[in-house]
Structures are given as C-alpha cells and as structure tokens.
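Q: show me how the following folds:
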Amino acid sequence: MSVFRVLVVLASLALVAIAPRTLVAQTPVPQTLQVPLFPEFDLYGNQFEVVQAYENELGQRSITAGIYDTGASVVTFSVLDQEFFFEFQGQPQIPTIPGAVATADAIGGSLQGKVSVAGKILAAGASAINIDFENFTFDFNLTNAVSIGGIQAMIGTTQGSPHLPSIVGTPINVPTASNPGGLATVMDQFGYALDLGALDPALEGILFNFPDVRFEPAGTGLVPKATTYEAVTIPLSLFGVDTTGNPGNDISSAPNPLQNNTGVSFTPSGPGSPTNVLADQSFLFDTGAQISVISSAIAEQLGLIDVFGNPLETPFDTIDVRGAGNIVSGLNGFILDTLSVPRIDGGLLEFTDVPVYVLDVGFGIDGILGMNLFNAADSFVYDPYNVNGPQFSALFLNDRSLDFVIEEAGAFAQFDELELALLAELGIRYATAVPLLPGMHQVPEPSTLALALIGLIGLGVGWRRKFRSR
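A: As a prediction, this is how the structure comes out:
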C-alpha cells in the first residue's frame, strides 16, 4: 500500500452542533492574495473530527470518533477501539479476514495490521454525538451520515500498529451508486460552539468554537460571508489508485490530493544573500496534519540545512511528532519567506512568514500543506471529483492582523498548564503549543471518543474545583 504513506495525524474531539448553511460561490479576490502567518501562533492548525462507523452484514455498527484525513488513502480503526471501546459500548468487534495482513508506511515507521471483512463505512460530523454533560453519558445519531459499501478497513493491532488512530480517509469521497458524482467535504473552522456552562454554571456564556465536517455532493461551493472574507480555489491532482471496487484481500484505498505547483522561498541570513526560490513542488493537501512540512531536499536547496541534514540556519523551534508509526524526535522548524499556490482564476495565494518542519514523508512528495496554513480561513471545501478537476476552496479573512491573532490566543492566558493540556485533548490548537521542555514541543496523538470524553470530564471537574475555590 505505497499510497498510504502520509499520516501526520494529530487530532481530538469537537462537540455541539449549529445549523448548517446554504453553500454558494464567493466574490473575486486580488491577483495575489497574501495571507500573513505568525509563527508564535500558527505552528499548529485545527483538525476535523468525525464520527465513523463500520457496519457488518447483519446491520450491526461499531462506532467511534476519528478524524477526516485527506493524507490517508484508507479507512482505519485503532486497536483501542477494536479491543476496548466497541465492547465498552456493547458493540461488536469489526470482523477481519483470516490470514490477511495490512501493511503501510507512515510517519514514524512501518505499520502492520489486520484487514477487515468488507463492510459499510459511515461518516458524519460531530453533530452525530449527543452528550449529556450532567451525567457524562453519550450516544450517536448517524441518521445524516454518508456511507460507502464494500470497504476493507485497516484494523490496528497491539504489536504491529499500536499508535494507529481511527481515520476516515479519502475512500469516503469516491463516486458510488448512491453518490455517482463523488462527495465533497465541507470543513468549517467555527461550525460548532461549546458553551462551557454545560460543564459548570460559573462558566455560562464562555464559548469555544470547534471545527465541523459535512459531506456534500461534488460541486458544493463556499458559504458566503461579509466583505471581510475572500474566497480562493486551488487546483489539485489525485495521486494513487482507487481499489475500493476490488481490494482483493488488501485494505481498500483511494487517491490523495497533491498540489503540484507549490512555490517556496527563503532568504539566508548571511549578508547580501540572495533569496532562494523553488517552484512547481508537489505538496500533499493534508487535513490530518496540524503542521506544514518540507522535505530535506527542499530544505537543502533553500539553504536551511546541508547535505548531511545539519542546520545552516538556526532553527526557530524543535518538536517531536507522534505519527501513526511512532514518535519522530527532533524535527527542526524554520520560517520560510513565502509559500505560494496557484488559483484556478489565474491568481496566486501567498502565505508569508511560514513555519515549516523538515521531514521526509514519501517518494514524490516534496512537502505537506498542513492545517496551520489555514488558521486564517473560516472554512474550506475539498472537492476531489469536481467536474472542473480536483480542487479545494478556502474562505480567508482579508485583513488578518497580529492584534486579532493575539486577542484570539489570549483567551487561553487564564488557564494553568493542566487545563491547557485538557484543552489540547479537545483539539484547541493553541493548547498544543505548551512546551514540554524549553524549545521542545510534542504534537499529540489523536484521541478516540473514549479518551476525549475522559479529557472532557477532567476539564469539567478541574474547572469546577478552580471556580468553587474562589
């Protein structure tokens, strides 16, 4: 399964639904739309949680929480879900094909797991979770879920893939008899609002916004906004094969999205150094990646590292990343002058002061367009089977000031380290930037629903204790 190479999957759980909105096209934008990034606040981006289920031939469902990940060409279920969480809910384990072995390359190393019997995969946004905060109980409502049948998922095992999270990958988008044009994925950064008053009356009116996911017919456009937002559409290509119709005894796979004309630039710190510019690089558009990545080859050509991988410029940051394979330690981070992608209208989308980390993720992939690039976006749509070609559209603030970013991040100043850690379990991006050691961060592993609820309960208990002691 060579297409299943890119799994920088870093996630948790988002809660509480608001009403969906009608989707329409947006107005034109300047020839070059610049989106400023602020490395202090834009190291990490949001991810998009889903409720995912496997339905067996008897109509029985095994349901958990995962992430929607365009960087994963398969559907996966973690060993924690398979061996604990389904039983915890009184649901069956997912049946597997005797003797069939699933193998994959992922961030942190190779994986080995089991292959599920072909079944129906269902996926829905966080609105499918109904939580009773008083009793800390929950259930699921998959009435509005989308589905695809005949999928053989990868099932994690204790020995071969202990860190593999539960993921809805690109098979959910492929054309089927029920969705002959394929599906687009609508991702709204602020689609769900959690009123912390549900956890403690003392916190009533304090809102946190979480990302939402919806699956809509191909050709779905962006939600209209006020003039403070501008819409862009980026062309993509699809990399990999579609085996969803006939996976044999292997896991079902579908193509991943690449942007093949990505440009990057960096000016070395030496006096009079010219700016190094690279064009037409192939970057993966990866909703499962909180960070953006460049390959060591690109880093060398830009003058960031030497041929042996030693830094020529001082890294602004060093992190550990927990990938699906294992932890990758000591990734050096640098600030690029620009990262740009073309638009289908002939214009350019240009990010400035871009934090990236150096990591080789797979043959033919020069880097990852991670979700930190889209902290300034209200929402976006991934549409791999659009009649005009694969594409994604984003709705950006057209005046993103540092004051706005500081104000947004400043909401976390009131919390102590434990509370920030619990917020990280809920997927709030600034909480993940708390250093483990000076200059060292670790991007967290995705949480299953069980772990996220444990974090949520702890969050509620901790805040109750804090506010009642005042």
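Q: what's the residue closest to the geometric middle of the chain?
A: Nearest to the mean C-alpha position of the chain, by C-alpha atoms, centre = their mean, lies Gly288 at 2.8 Å.
Q: so what's it closest to, chain neighbours aside?
A: Spatial nearest neighbour of Gly288, chain neighbours left out: Asp69 (3.2 Å); criterion: C-beta to C-beta, 6 or more residues apart in numbering. C-beta coordinates here come from the backbone N, C-alpha and C atoms, glycine included.
Q: next, count neighbours for that neighbour.
A: 31 (other C-beta atoms under 10 Å).
Q: any idea how far it lies from Leu238?
A: Asp69 sits 15 Å away from Leu238, going by C-beta to C-beta, to the nearest Å.
Q: quick revisit: check whether the residue nearest to Gly288 really touches Gly169, as I assumed.
A: Yes. Asp69 is within contact range of Gly169, at 5.5 Å (criterion: C-beta atoms under 8 Å).
Q: pLDDT wise, what is the residue nearest to Gly288 at?
A: For Asp69, the pLDDT comes out at 91.
Q: and the gap between it and Lys114?
A: 20 Å.
Q: can you pull the poorly scored residue ranges out of the stretch 201-350 of the chain?
A: Scanning the stretch 201-350 of the chain for pLDDT under 70 picks out 202-203, 206-209, 226-228, 321-329.
Q: apply 90 and report the result again.
A: By pLDDT under 90, the weakly predicted segments of the stretch 201-350 of the chain are 201-213, 220-231, 240-241, 270-273, 288-291, 308-309, 312-313, 316-332.
Q: backbone dihedrals for the residue nearest to the centre of the chain, please?
A: Dihedral pair for Gly288: phi -90, psi 0, per degrees, to the nearest 10.
Q: I figured it hits Glu49, correct?
A: No. With contacts counted by C-beta under 8 Å, Gly288 stays clear of Glu49, the gap being 11.0 Å.
Q: Val74 against Pro171, yeah?
A: Yes. At 6.7 Å, Val74 counts as touching Pro171 under the criterion of C-beta under 8 Å.
Q: shared neighbours of those two, anything?
A: 252-254 (C-beta atoms under 8 Å, 6 or more residues apart in numbering).
Q: name the nearest of those relative to Gly370.
A: When the shared contacts of Val74 and Pro171 are ranked by distance to Gly370 (C-beta to C-beta), Ala254 comes first, at 20.6 Å.
Q: ok, that closest one - contacts?
A: If you count contacts by C-beta under 8 Å, 6+ apart, then Ala254 has 73-74, 169-171, 173-174, 240, 242-244 around it.
Q: apply 7 Å and report the result again.
A: 73, 169-171, 174, 242, 244 (C-beta atoms under 7 Å, 6 or more residues apart in numbering).
Q: among these, which pair sits farthest apart?
A: Maximum distance among these (C-beta to C-beta): 11.9 Å, for Gly169 and Asp242.
Q: Ala123 contacts Gln52, doesn't it?
A: Yes. Between Ala123 and Gln52 there is a contact under C-beta atoms under 7 Å: 5.2 Å.
Q: identify the contacts common to those two.
A: Going by C-beta under 7 Å, 6+ apart, residues that sit against Ala123 and also against Gln52 are Val168.
Q: which of those two has more neighbours?
A: A direct count of neighbours by other C-beta under 10 Å for Ala123 and Gln52 places Gln52 higher, at 29 against 25.
Q: for the host helix or strand of that one, packing partners?
A: Element membership for Gln52, per DSSP states H and E: strand 49-55. Contact partners of strand 49-55 among helices and strands, from 3 or more C-beta pairs under 7 Å, 6 or more residues apart in numbering; DSSP states H and E: strand 61-68, strand 119-124.
Q: off-centre distance for it?
A: 15 Å (C-alpha atoms, centre = their mean, to the nearest Å).
Q: cool, stretch 159-174 as well?
A: 12 Å.
Q: span of it from start to end?
A: 31 Å (C-alpha to C-alpha, to the nearest Å).
Q: on that earlier part again, compare Gly169 and Asp242 (neighbour count), which wins?
A: Gly169 (30 against 18).
Q: excluding sequence neighbours, find me the nearest residue to the more buried one.
A: Per C-beta to C-beta, 6+ apart, closest to Gly169 is Ala72, 3.5 Å.
Q: sticking with that neighbour, tell me its helix or strand.
A: Using DSSP H and E, no helix or strand contains Ala72.
Q: for it, the count of nearby residues, please.
A: 33.
Q: check the gap between it and Pro257 for me.
A: Distance from Ala72 to Pro257, by C-beta to C-beta: 11 Å.
Q: just Ala118 next, same as before
A: Taking C-beta to C-beta, one finds Ala118 at 25 Å from Pro257.
Q: do Glu83 as well
A: 32 Å.
Q: which of the two has more neighbours?
A: When Glu83 and Pro257 are compared for neighbours, Pro257 comes out ahead with 26 against 14, by other C-beta under 10 Å.
Q: now the more buried one: which helix or strand?
A: strand 256-266.
Q: check which helices and strands that strand sits against.
A: By 3+ C-beta pairs under 7 Å, 6+ apart, strand 256-266 packs against strand 237-239, strand 276-285, strand 327-342.
Q: which one of the ones you listed lies nearest to Pro165?
A: strand 327-342 (13.9 Å).
Q: partner strands of that closest one and their direction?
A: strand 256-266 (antiparallel), strand 317-322 (antiparallel), strand 348-358 (antiparallel) (DSSP bridges).
Q: can you give me the buried ones in it?
A: Buried residues in strand 327-342, counted by 16 or more other C-beta atoms under 10 Å: 328, 331-342.
Q: which stretches of this structure form helices?
A: 79-80, 86-88, 296-301, 402-409, 417-425, 449-468 (DSSP state H).
Q: quick one: the residue lying closest to Ser178 once chain neighbours are set aside and Val381, what's the gap?
A: Among residues not flanking Ser178 along the chain, Ser147 sits closest, at 7.5 Å (C-beta to C-beta, 6+ apart). According to C-beta to C-beta, Ser147 and Val381 sit 20 Å apart.
Q: sweet, I'm off.
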